[in-house]
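K.L.:
With the sequence up front, the predicted model follows.
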Amino acid sequence: MKKCLEILSPLIVSMFLISCLGLILQKPTFAIREIDLSPISLTEANFLLGFEVYNPNHFDLTLEYLEYAVYLKDKKIVKGGLGNEYLVSASSTTPIQIPTHVTFKDLGGEFSAIITGEDVPYKIEGNARIKTAFGSNDYPFSKEGRINLKNLIRSCK
């Protein structure tokens with residue numbers, strides 16, 4: 001019986017700690033701080049998303065992965081993910097830039113909005129997996145608004 005308790009005790013304590021993770025871990029927040037469109041030719045451009053991850057906890061977190069999709073006028077123009085892990089220090093904000101590639105064909109009718117300078121509705125949604133010493137949790141995020149694509153374009157250098 002004593003040997004059984006020696007084996008089961010660490011398992012029970014681990015299960016208790018994992019079940020309390022929601023009480024211990026404060027949810028990190030994700031904010032989109034930068035969206036940049038940089039033409040590289042007449043048909044394609046580099047697309048940069050700048051996120052900020054805020055960790056309200058008194059211990060470090062690791063962003064294991066982040067996947068996202070960007071929509072203009074409810075049409076998905078780009079999706080992607082993060083391949084590297086990022087350390088998000090305790091009680092701090094960590095900037096993360098995600099470069100991707102887009103063709104103007106992917107923008108479809110929204111390409112005319114670049115030329116005319118009109119605002120278009122956008123939505124960015126995704127999921128982030130955060131790893132702690134207690135385990136990993138997924139955190140969905142979403143941001144909607146209106147954006148002027150003409151103001152996003154950086155000139156080619």
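P.N.:
Structure received.
K.L.:
Name the strands paired with whichever strand or helix holds residue 53 and say parallel or antiparallel.
P.N.:
Element membership for residue 53, per DSSP states H and E: strand 44-55. Counting by DSSP bridges, the strands paired with strand 44-55 are strand 29-39 (antiparallel), strand 92-103 (antiparallel).
K.L.:
okay, now residue 144: neighbour count?
P.N.:
10 (other C-beta atoms under 10 Å). Using the backbone N, CA and C atoms, a C-beta is placed for each residue, glycine as well.
K.L.:
Can you give me every residue that contacts residue 29?
P.N.:
Neighbour list for residue 29: 53, 54, 56 [criterion: C-beta atoms under 8 Å, 6 or more residues apart in numbering].
K.L.:
Top of these by number of neighbours, please.
P.N.:
Neighbour-wise, those (other C-beta under 10 Å) top out at residue 53, 22 neighbours.
K.L.:
pretty sure that residue is touching residue 32, no?
P.N.:
No: using C-beta atoms under 8 Å, residue 53 is not in contact with residue 32; the gap is 11.1 Å.
K.L.:
picking up where we left off before, contact partners of the strand holding residue 53?
P.N.:
Contacts of strand 44-55 (C-beta under 8 Å, 6+ apart): 28-40, 61, 63, 66, 68, 70, 78, 86, 88-104, 124, 128, 153.
K.L.:
Quick one: mean pLDDT over it.
P.N.:
Strand 44-55 comes out with an average pLDDT of 86.
K.L.:
Following element in sequence after it, please.
P.N.:
strand 61-72.
K.L.:
in its sheet, what does the helix or strand that that next one is followed by sit against?
P.N.:
Following strand 61-72 in sequence order, the next helix or strand is strand 75-81 (DSSP H and E). When sheet partners are counted by DSSP bridges, strand 75-81 sits next to strand 61-72 (antiparallel).
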